[in-house]
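>>> sequence first, then the predicted structure, then my questions.
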Amino acid sequence: MQPAMAETPEISFRHVGRTYRGRSGYTEALQHIDLSIAQNEFVSLVGPSGCGKSTALMLMAGLDQPDSGQVEVEGKKVIEPSDRVGIVFQDATLLPWKSVMENVLYPARIRGIPVKRVEPQAAALLELLGLERFKDRLPHELSGGMRQRVGICRALAYSPRVLLLDEPFSALDALTRDEMNLLLLELTESLRQTVVLITHSIQEALLLSDRVLVMSARPGRIIADISVPFERPRRPADVLHSPDFRHLEAQIRDLISGHEPGSSARTPNALFRQRLESFRQQIQTQTQNIV
Ligand SMILES: Nc1ncnc2c1ncn2[C@@H]1O[C@H](COP(=O)(O)OP(=O)(O)OP(=O)(O)O)[C@@H](O)[C@H]1O
């Protein structure tokens, strides 16, 4: 069931634009973004590579500022990072010389928060995510999935209202990724935090989210806001095999590839076909030369 929209949204973007100024000129990453995410809602951002998804997340986290418009979390303009927002990146970026527990406590130390205040929550999270036995290990002694779980514990250790996830599982193998999705599904259904997930996996977005926001190619705009109809608690087996799932998956894929929903636009574009053909010819010529 989708949560009711609270009076003040947890996260809101009003006419947000962001243009980067680099050595090679200007890159308009985001254009006129308006969005509203309710408390306890799980929203995924999907869209073509480079469409501004990470930029949007950086703005929510207070790690970057918009050039136009306003970003608010809990009704307050975001001007810097805060404890209200936790973030997990594709690579957990743990400090290699610190233990798992020390990594989870590290943000508290650098912010001058008494560690004693955070430690019980950190220990409980490590236990919840099956890492209790590894709390004294160093990051290199853990698998990729375990390191990402430590990253999640670190982000949740301060009970942030909002959890931002920037492709947290994309570097993991398919099996570990499925396990992590299951874990995240259970975790977010029990903690009921506001979560924003960036993913390239439409399946992942549909399995986990209440809503999927589809972005256009750069400059990124929201081109579709899709409610995910599956009841919670969700069982992946029920969701992944339902006709609704397949329909939504195709609709989102078509939107991302720039076609109207329902069209069969899953073939490579003309430029790609051209390159593929020239690649085939090259291989053929090389093979003939060898023979
Ligand atoms: N610091 C920066 N300076 C200059 N350009 C940037 C900077 N950060 C991002 N960009 C550009 O802004 C655009 C949006 O980047 P962003 O990382 O937000 O996209 P994305 O949708 O998250 O991409 P991907 O899915 O490939 O991770 C891209 O064209 C990128 O090259």
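Yes, it's here.

>>> neighbours of residue 126, how many?
Using other Cβ atoms under 10 Å, residue 126 has 21 neighbouring residues. Backbone N, C-alpha and C define where each C-beta goes, glycine included.

>>> quick check: it is in a helix.
Yes: secondary structure assignment places residue 126 in a helix (DSSP: H, G, I helix; E, B strand; the rest coil).

>>> surely it is in contact with residue 101?
Yes: in this structure residue 126 lies within contact range of residue 101 using Cβ atoms under 8 Å: 7.0 Å.

>>> which residues are in contact with both of the two?
residue 135 (Cβ atoms under 8 Å, 6 or more residues apart in numbering).

>>> now for the strand or helix carrying residue 224, which elements pack on it?
In the assignment (DSSP states H and E), residue 224 maps to strand 222-227. Taking 3 or more Cβ pairs under 8 Å, 6 or more residues apart in numbering; DSSP states H and E as contact, the helices and strands that strand 222-227 lies on are strand 25-37, strand 211-215, helix 243-256.

>>> relative to residue 61, how far out is the closest residue to the ligand within the stretch 101-250 of the chain?
Closest approach of the stretch 101-250 of the chain to the ligand (Cβ to the nearest ligand atom) occurs at residue 218, with a separation of 5.3 Å. Distance of residue 218 to residue 61, given as Cβ to Cβ, to the nearest Å: 20 Å.

>>> name the residue in those two with the higher neighbour count.
residue 61 (21 against 18).

>>> deepest of the helices and strands packed on strand 222-227, which one?
Burial among the helices and strands packed on strand 222-227, expressed as mean neighbours by mean count of other Cβ atoms under 10 Å, is greatest for strand 211-215, which shows a mean of 23.

>>> that one vs the ligand: in contact?
No: for a cut-off given as Cβ under 6 Å from any ligand atom, strand 211-215 has no contacts with the ligand; the smallest distance is 7.2 Å.

>>> circling back: and the residue of the stretch 101-250 of the chain closest to the ligand, what element?
Assessed by DSSP H and E, residue 218 sits outside every helix and strand.

>>> so what's it up against?
Residue 218 neighbours (Cβ under 8 Å, 6+ apart): 27-29, 48, 50-52.

>>> export the residues you listed to CSV and tack on pLDDT?
What follows is those, written out as CSV (pLDDT from 0 to 100):
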residue, pLDDT
27, 94
28, 95
29, 96
48, 94
50, 93
51, 94
52, 95
